[in-house]
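Q: Just to be clear, the model below is a prediction. Sequence and coordinates:
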Amino acid sequence: MNLQEILFQFLGGLGIFLFGLNFMGDGLQKSAGENLRAILNSFTSTPFRSILAGIVVTVLIQSSSATTVLTVGLVSAGFMSLKQAIGVVMGANIGTTITAFIIGVDIGAYALPIIAIGSFLIFFSKKHMVKNIGEVIFGFGALFLGLELMGTGLAPLEDLDQFRELMIKLSVNPSLGVIVGTAFTLIVQSSSALIGILQEMYSHGSMSLSAALPILFGSNIGTTITAILAAIGASLSARRTAAAHVIFNVIGTLIVMLFFNPFLAVIEMMTMRLDLNPAMQIAFSHGLFNIANVLIQMWFISQIAAIVKRIVPGKEIIIGYDASRLDHSLVQSSPNMALNQTKVEIGEMGNVVLEEYGTVFDYFKNRDEKSYEKALQLEEVVNDIDMKLTEYLMLIVAEELSPAESNEHAIMVDVTKYLERIGDHGESILDNIKEGNQLAKKSRPNNDKNAFLYDEDLVEMFALVEKNIAEAVESFTSNSYRLAGSVIKREKEINSLEAHLRGKYLELLNQGVGRPSDGVMFVDIVSNLERMSDHAVKIAKHALGFRYPFLNVTGSKIGTSIEK
């Protein structure tokens, strides 16, 4: 086999391996559904639980990089602190060792039948769950087929004098092995791929264990590139999470390299006692390295966080929602009081929605990336409050409620959803502005704020809708007829302004001013604003008792007395 055949077979095998690994992870992720994010979001209250959550999620999706990216997203949205994130990253490093153990099982001879079974499930089943299982099985088979091809392709290398010299250098100079492992993983962006290659080469006798282990340790440093890429342009907390990932893996590698000979002796002892094959020796080395690394560093999470804050300085913006005020003990003992507390929390949700709206408005006026980032974080918080309030309301409705309480419960469910939809429309406007800015920069590099989407009438509409949302929320929380009536009256002005803006921009396009793509986004922004105002009106109508007019006239609504 010449060099070209070796290279082609290795690269082809590597491609199939990476595809199989990714396909298997996707199938597992689809099967797990939204639970992955929920696990990371909910089960990270202590360092130990954070580590455990990182292990579980990584085992489910077979990718520590994917877990880290999810964690970066949650930190960026304000749902997880830096200390919690560091714990998850530590757990992800342990969870990823499962892949090495899977690869260590020698079932390459059955790779093609496994692929066939997976294919049948994918193509001949209409059930989504069966298809997802088929993806997992297909990816599993492709993973081993890729390994077989890589192993066969690399086998002739052991006959080359240059390759033997390189292996001798790696055995004598472990630091060089760490660099090789880091560089390869940076390029391929998969530590699992490098581990698979090491297992194949060590199994064929192409390299010694003392040469393979430093490369293995280097792969842990190289895998941090995914988190770094995910954190580019993200929030300060997200960048710190990526930095913590790098620091944790670098410190772990330095520690094990200082005690390399004792570590090697432990692996050789385990090999003799457990009768491990070469592939399993690599898997056990990887597992022992990561577990030891976590056991050593988990006691220093606060110190790692402090180091990270020095390396990545800046003032951290913490945006989140404290659900502890939703007292679950009240649900059974006093549903009436639970509803009162829910109403207070809906008011808090309205405040967050208003803050998000104001931030979107700021982004429209100033095109400041910090406003864009903050608005996205606030939208995540709105969604989180919506989920927690809905869950709480579902617990209340299971109790025995009076007709008035049932009426108020139905209103609260509606208002919560209206506020969540206002937030969604805010995110849509945010995307329109960002897309418009990008198009404008390409066609008009020296544009100012008037070059795209800026219009004084549109600014006025933004201000009117903001006032409607604010007064609608207040009319609901304070039961104010006066404010509710003001919202409904202002809606006519907003509708009139919407029609005016649509006509005005179409007229400009007919005159050859602006581009059709600008017009589409401009009209989308106007439409989203009008719909936000519509939802505000629906909230105001609840305050007036138009939507569920039950016992409203007598003033027996739950909460404070009605303000006339």
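A: It's in. Residues are numbered from 1 along each chain as shown.

Q: Take stretch 458-472, keep the C-alpha atoms, and write them as PDB.
A: Extracted in PDB, the C-alpha atoms of stretch 458-472 (Å, rounded to 0.1, in the frame of the first residue of the first chain):
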ATOM      1  CA  LEU A 458     -41.700  54.200  13.400                       C
ATOM      2  CA  VAL A 459     -40.000  55.600  16.400                       C
ATOM      3  CA  GLU A 460     -43.300  57.100  17.500                       C
ATOM      4  CA  MET A 461     -45.000  53.700  17.000                       C
ATOM      5  CA  PHE A 462     -42.300  52.000  19.200                       C
ATOM      6  CA  ALA A 463     -43.000  54.600  21.900                       C
ATOM      7  CA  LEU A 464     -46.800  54.200  21.700                       C
ATOM      8  CA  VAL A 465     -46.600  50.300  21.900                       C
ATOM      9  CA  GLU A 466     -44.200  50.500  24.800                       C
ATOM     10  CA  LYS A 467     -46.800  52.700  26.700                       C
ATOM     11  CA  ASN A 468     -49.600  50.300  25.800                       C
ATOM     12  CA  ILE A 469     -47.700  47.300  27.200                       C
ATOM     13  CA  ALA A 470     -46.700  49.100  30.400                       C
ATOM     14  CA  GLU A 471     -50.300  50.300  31.100                       C
ATOM     15  CA  ALA A 472     -51.800  47.000  30.200                       C
END
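
Q: In the stretch 301-450 of the chain, where is pLDDT below threshold?
A: Across the stretch 301-450 of the chain, the ranges flagged by pLDDT under 70 are 315-324, 439-450.

Q: Where do the helices of it begin and end?
A: Ranges of helices in the stretch 301-450 of the chain, per DSSP state H, counting those that start in this stretch, are 301-311, 329-333, 335-366, 369-397, 403-443.

Q: Taking helix 403-443 as reference, get the angle to the next helix-or-strand element following the last one.
A: Moving toward the C-terminus from helix 403-443, the next helix or strand (DSSP states H and E) is helix 456-478. On the basis of axes from the mean of the first three to the mean of the last three C-alpha atoms, to 10 degrees, helix 456-478 is oriented at 160 degrees to helix 403-443.

Q: got the buried residues for helix 456-478?
A: Of the residues in helix 456-478, those with enough neighbours to count as buried (16 or more other C-beta atoms under 10 Å) are 458, 461-462, 464-478. Bear in mind the C-beta positions are built from the backbone N, C-alpha and C, glycine included.

Q: same check, this time on stretch 356-371
A: For stretch 356-371, a neighbour-count test (16+ other C-beta under 10 Å) marks Glu356, Tyr357, Gly358, Thr359, Val360, Phe361, Asp362, Tyr363, Phe364, Arg367, Ser371 as buried.

Q: What of stretch 341-359?
A: Neighbour-count burial for stretch 341-359, with 16+ other C-beta under 10 Å as criterion, is recorded at 341-343, 345-346, 348-350, 352-359.

Q: Figure out which of the helices of the stretch 301-450 of the chain is closest to Phe217.
A: Ranking those by their distance to Phe217 (criterion: C-beta to C-beta) puts helix 301-311 first, at 18.8 Å.

Q: Pull the residues that contact that closest one.
A: Residues from elsewhere that reach helix 301-311 (C-beta atoms under 8 Å, 6 or more residues apart in numbering): Pro47, Leu82, Lys83, Ile86, Gly87, Arg240, Ala243, Ala244, Ile247, Phe248, Gln297.

Q: tell me the two of these that are most distant?
A: In the contacts of helix 301-311, two members sit farther apart than any others by C-beta to C-beta. They are Pro47 and Ala243, at 18.2 Å.

Q: Quick check: closest non-adjacent residue to Gln297.
A: Leaving out its chain neighbours, the residue that sits closest to Gln297 by C-beta to C-beta, 6 or more residues apart in numbering is Phe248, at 6.1 Å.
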